[in-house]
Each structure stands twice: as structure tokens, then as C-alpha cells.
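Visitor: have a look; sequence and predicted model below, questions after that.
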Amino acid sequence: MPYDSRYSHHFPFFTLGTIQVMLRDPRINFGLALIKGPICTYTKFFSEEESEKPGIQQLITELHYHFPYGVRCKNKKQEEYIIRQLKRLWETSIFQALECIDWGYAGCEVKYRKTQAYGLELDRLLNIANQNRFLQCIVHNGGVIGFSSTVSANKLIPLGKGIWFVHQSNKHPYYGQSQLLGAHIPWHETWMLGGARDIRRTWFFKNAYDGGTIYYPEGSYTDESGTVRPNEELAVRMAELKRTGSTTILPSAKGLDGKRSWEYEPPKANITPQGMMEWVELLRDEELEGLGIPPEVIANSGSQGMGAATGRMVPLLAWIATLTPISLAIINSFKEQILDRILLPANNFQDDYEVFSIVPINMEMPQGGGDVLTKTVNNSGVG
């Protein structure tokens, strides 16, 4: 990737090691959960007949199933089998697959099981010891045929025994691009040496109070051992040992001017610099924006905690729409690498099939009220 040194102080290097550190930030993990949660919860699969039923149409609309898909196949037994495998992928392994959002790619081992009713089918996916940063894909004739670990390069996992997911494949066909890239700059400004958190911590550690002042007379004193020590040394020791709740004892002798020779002014609270706390909060919002999440989706200012339900539906729906390509990419990868390659041939299924998006739309509003008529539109992108 081209790197312009003129802007390097604003655009720090983004590496796989950076991703590993960013995943320790609870705000980043919260943002990733906001992306993965709707994909997991609102993705549903139906047969072709179910997708045309008014009850299913109403269910999709009322329960906000944002990612409903139907399966069409002449062989209804094959259709049922495909739906079962897609549902099992979502029920057992969707978060393993969605790790590609974190890293840009994810390699998983595929576990199978054999049942009397359905033959060979998916059991679950296993991430390779959560070491995606140590994985590299194997490419042949422009396509991925497997992957291996750079830690143990002799362990090659071909597609079928493994599955390779790519996030934002338009950025790179084999390794994609991490969703964390957009949040890297505000995250870096938050956590770097001299960043927002460092400044906030340093302020409250050193500058919340002025520490107090001790006035001491010039000269020295003789301690219990007979050693002559300067008054300045005693004053420094007193200031360093002063703690909240401690008592200060000073001689009451006064000088010629009527003031006490030793005097102590207690610490006073300093005013927090204007904008410091807001700076940290702005960076938190920028991290969400960098992840592709409008802050309005989770903001509850003046909404009694209702968030997007109170006048924020436009950014909510716009954000949900950006998640559709992620669910489609997971389905496509599973279909091409596991379903078509292993599961369907192993069970002697040979008919063509299609996975399509179910889009309920308003076709007609009956006179005098009544239910809105709906129709399924086939607009899959999943061939």
C-alpha cells in the first residue's frame, strides 16, 4: 500500500500486530459485537414455499429479520438439506466465520458428522487456535485452494477440510481488509504515548491537586543523632510523606514580622482543562464511526435509553444495509467451498439450486384499510 511520509504523523502503520492490540480495547470489542450481533440474530433461512407465505412475510417484517434468505431447488429433499446446513452454520459457527471482520480473513477447520436422516453434514467450524495473523492462503490459478499456518508451514489444510473467509474482498481478493482499519486513527490517538488516555491519566495523577505548599525558614537544625541538616531537606520530606487524612505539626515560633517561621498551605483542587473529557468521548464516537457504526445508533441522549427507536431509524437502517454484504460473503464462501465441494456430492445431490434474498415489498393497499399485500422479490447476489 502506498505510504506518504508527509502524513505519517496522522496515519500510523496498521499491521496484524496492531489488530491484536486493538482487540484488547473494550470499545473496539463493543463495536465488533454491534456488527456481528445483527448478522447472527437477524439472518434466517426459508424454503421457496415458506418465503411466499403471507405469515412468513409478516414475520420477517414485524420481527425485523433484516437478512432473510430463501432456497429454491426442484429436489425438495435437497432444498431441505441445504437449508439445514445453512442453519447449522449460523447456529454453531457464525462467530468463528465472522472473525474475518477482525482480521480481514479467517481460516477454519471444518468438522463433519454423519446422521441416519441426513447423511454427511456440517458439525461445526474450528478457528485455527485463534491465530489468524499466522495464516496464509494457498493460491493456484488465481483461486484459493487451501491455507497453512506460518508457524507450522508443513500443515496444509485444503478447502473442504478447511474454509477460508474473506472480509471486503474488493480490497484484496485473498486477504481482504480488516474492519478495524477505519477505527485505527482515533484508537491510536486514544492509546498512544501522549494520547488522550495518557493525558487524562497524567492530569488526574499529577495535576488534580496542586500538592500544597510548605514555607520554611532559612537555616538548619540538629536531629536526634546530632547531625546538622538543612531545613529545606526537612520540608521536602514533610511534603513527600503528606497523605490524605494525615496531620501536620509545625513549630509555632514567629519571626520578627509576626509570621510563623514554618507555614503550610493545604492543596487545592485544580480545574479540569476545558474540553479534555469531551476529547476522550469524541474519540470513542470516532472509533465507532471508523467501524462503520453511526454513533446515533447507540446514543440515548434525550431518548430515555431507546437509542435508535426515537428519531434515529435512518442511520440505523443505513447501517444495517452495510451489513448485508458480510452475510452474503459468508453464505457464498460456505456454498462454494463446503456445500458444493463436499456435502452435496457426498449425499448424491446433483440438482441446481439458488439461494436468494427475500424482500417483502408493498404491492397494494386495500380500500378501507386491511392488511398490506406483499410479494417476494428475488434479488440474491448468491448464485
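Guide: Received the coordinates, thanks. Predicted model only: the values in this text are computed from it and were never measured.

Visitor: can you give me the helices for the stretch 151-300 of the chain?
Guide: In the stretch 151-300 of the chain, the helices defined using DSSP state H, counting those that start in this stretch lie at 184-191, 196-202, 231-241, 276-290.

Visitor: tell me which of these sits most buried.
Guide: Comparing the helices of the stretch 151-300 of the chain by mean neighbour count (mean count of other C-beta atoms under 10 Å), helix 184-191 ranks first with a mean of 20. For every residue, glycine as well, the C-beta is placed using N, CA and C.

Visitor: circling back to that earlier point, let's have the helices of the stretch 151-300 of the chain in CSV, adding mean pLDDT and distance to R27.
Guide: Putting the helices of the stretch 151-300 of the chain into CSV (pLDDT from 0 to 100; distance: least, C-beta to C-beta, whole Å) gives the following:
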stretch, mean pLDDT, distance to R27
helix 184-191, 91, 8
helix 196-202, 82, 11
helix 231-241, 87, 37
helix 276-290, 88, 6
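
Visitor: just so I know, which of those helices lies nearest R260?
Guide: Closest to R260 of the helices of the stretch 151-300 of the chain, according to C-beta to C-beta: helix 231-241, at 13.3 Å.

Visitor: for that closest one, name the packing helices and strands.
Guide: Under the contact criterion of 3 or more C-beta pairs under 8 Å, 6 or more residues apart in numbering; DSSP states H and E, helix 231-241 touches strand 213-215, strand 220-222.

Visitor: and the helices of the stretch 151-300 of the chain: which comes nearest H10?
Guide: Of those, the one closest to H10 (C-beta to C-beta) turns out to be helix 184-191, at 7.1 Å.

Visitor: so for T41, which of the helices of the stretch 151-300 of the chain sits nearest?
Guide: helix 276-290 (19.3 Å).

Visitor: which residues does that closest one contact?
Guide: With C-beta atoms under 8 Å, 6 or more residues apart in numbering as the test, helix 276-290 has contacts from 27-28, 31, 34, 180-187, 189-190, 196-197, 199-200, 203, 294-295, 298.

Visitor: what of stretch 26-45?
Guide: Contact with stretch 26-45 is made by 22-23, 60, 64-71, 83, 86-87, 90, 94-95, 98, 101-102, 179-180, 183, 187, 284, 287-288, 291-293, 297-298, 320, 323, 326-327, 330, as judged by C-beta under 8 Å, 6+ apart.

Visitor: same question for it, mean pLDDT?
Guide: Stretch 26-45 comes out with an average pLDDT of 95.

Visitor: numbering from 27 from now on, please.
Guide: Understood, numbering begins at 27; the last thing we discussed is stretch 52-71.

Visitor: output it as CSV, restricted to C-alpha atoms.
Guide: The C-alpha trace of stretch 52-71 is given here as CSV (Å, rounded to 0.1, in the frame of the first residue of the first chain):
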residue,chain,number,x,y,z
PRO,A,52,-13.4,-2.9,25.2
ARG,A,53,-14.7,-0.1,22.9
ILE,A,54,-13.4,-1.9,19.8
ASN,A,55,-14.9,-5.2,21.0
PHE,A,56,-18.2,-3.5,21.7
GLY,A,57,-18.2,-2.1,18.1
LEU,A,58,-17.4,-5.5,16.6
ALA,A,59,-20.2,-7.0,18.7
LEU,A,60,-22.6,-4.5,17.3
ILE,A,61,-21.7,-5.6,13.8
LYS,A,62,-21.7,-9.3,14.4
GLY,A,63,-24.8,-9.5,16.6
PRO,A,64,-27.4,-8.4,14.0
ILE,A,65,-25.8,-10.7,11.4
CYS,A,66,-26.1,-13.6,13.8
THR,A,67,-29.6,-12.8,15.1
TYR,A,68,-31.4,-11.4,12.0
THR,A,69,-30.3,-13.9,9.4
LYS,A,70,-33.0,-16.5,8.7
PHE,A,71,-33.4,-19.2,6.0
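
Visitor: still on that earlier bit, turn the helices of the stretch 177-326 of the chain into JSON lines, including distance to I240.
Guide: Output for the helices of the stretch 177-326 of the chain, formatted as JSON lines (distance: least, C-beta to C-beta, whole Å):
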{"stretch": "helix 210-217", "distance to I240": "37"}
{"stretch": "helix 222-228", "distance to I240": "24"}
{"stretch": "helix 257-267", "distance to I240": "5"}
{"stretch": "helix 302-316", "distance to I240": "29"}
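
Visitor: and Y138, what pLDDT?
Guide: On the pLDDT scale, Y138 gets 97.

Visitor: wait, which of the helices of the stretch 177-326 of the chain is closest to F72?
Guide: The nearest among those, by C-beta to C-beta, is helix 302-316 at 32.6 Å.

Visitor: about what we covered before: in strands, which of the contacts of stretch 52-71 appear?
Guide: F93, P94, Y95, G96, V97 (DSSP state E).

Visitor: how far away is the third one from F382?
Guide: For Y95, the distance to F382 under the criterion C-beta to C-beta, to the nearest Å works out to 7 Å.

Visitor: and what of the fourth one?
Guide: As defined by C-beta to C-beta, G96 lies at a distance of 5 Å from F382.
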